[in-house]
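S.K.: Take this sequence and fold it.
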Amino acid sequence: MTGTDGSAVHQLIQIGVATAPDEVFVSDIGYEDWNENPESMAVHGLSADRIRAAPRADAVDADIAAFDLPYVRSYLPRFTSHLGRRSVDLNAVCFTFARTAGSRWKSLKKRSKRFAEEQLDSAQWHDAGYDAVAALLCWEYFKILARGEQS
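M.R.: Got it, this is the predicted structure:
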């Protein structure tokens, strides 16, 4: 995103979807003009030239099949119509596990992200493709916890 003030102010500029660690769709989303927050722009590191050169939202919308929902709903409406109405955020899973295990949710989330980084042998957070694969691996971590195979 070009900022954190919501889709009425800032734009979705990259999306990544992973259905498995080796099945990833990533695309930048381009605009001629956009609103930006310098801190947000520094986090992902996409240049203005790269944003201008990227395919426009309608082209990406035609190619994609799945998240960052407020922005996706605003900029990729056709794709959004294919999403289920029920989705679960990773934080919700962290809250649930923390409450049942007597842990702190932020600690659980950190451990799940560390698990993902170890599986991927790197940390490239805020790259949409990396984030999509890492999210799948975070879910894997919670499945392992649910089976009681790790704490």
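
S.K.: Lowest mean pLDDT among the helices and strands, pick that one out for the chain.
M.R.: In the chain, the helix or strand scored least confidently by mean pLDDT, DSSP states H and E is helix 69-75, which has a mean of 65.

S.K.: how far away is the residue lying closest to residue 136 once chain neighbours are set aside from residue 140?
M.R.: Once flanking residues are discounted, residue 136 sits nearest to residue 18: 5.2 Å by C-beta to C-beta, 6 or more residues apart in numbering. For glycine as for every other residue, the C-beta is placed from the backbone atoms N, C-alpha and C. The gap separating residue 18 from residue 140 is 12 Å, by C-beta to C-beta, to the nearest Å.

S.K.: Neighbour count for these two, which is higher?
M.R.: Shown here are residue 18 and residue 140; by other C-beta atoms under 10 Å, residue 18 has more neighbours (22 against 15).

S.K.: pretty sure the more buried one is in a helix, no?
M.R.: No. Counting by DSSP: H, G, I helix; E, B strand; the rest coil, residue 18 is located in no helix; its state is strand.

S.K.: Check what pLDDT it gets.
M.R.: Looking at residue 18, its pLDDT stands at 72.

S.K.: For it, list each beta-bridge partner.
M.R.: residue 24 (DSSP bridges).

S.K.: That one and residue 28, how far apart?
M.R.: 16 Å.

S.K.: ditto for residue 4
M.R.: Distance, residue 4 to residue 28, by C-beta to C-beta: 19 Å.

S.K.: Residue 95 now?
M.R.: Residue 95 is 32 Å from residue 28, where distance means C-beta to C-beta.

S.K.: same deal with residue 21?
M.R.: On the measure of C-beta to C-beta, residue 21 and residue 28 end up 21 Å apart.

S.K.: With residue 100 instead?
M.R.: Taken as C-beta to C-beta, the span from residue 100 to residue 28 is 39 Å.

S.K.: of those two, who's got more company?
M.R.: Per other C-beta under 10 Å, whichever of residue 100 and residue 28 has more neighbours is residue 28, with 17 against 9.

S.K.: excluding its backbone neighbours, what's nearest the more buried one?
M.R.: Per C-beta to C-beta, 6+ apart, closest to residue 28 is residue 54, 3.6 Å.
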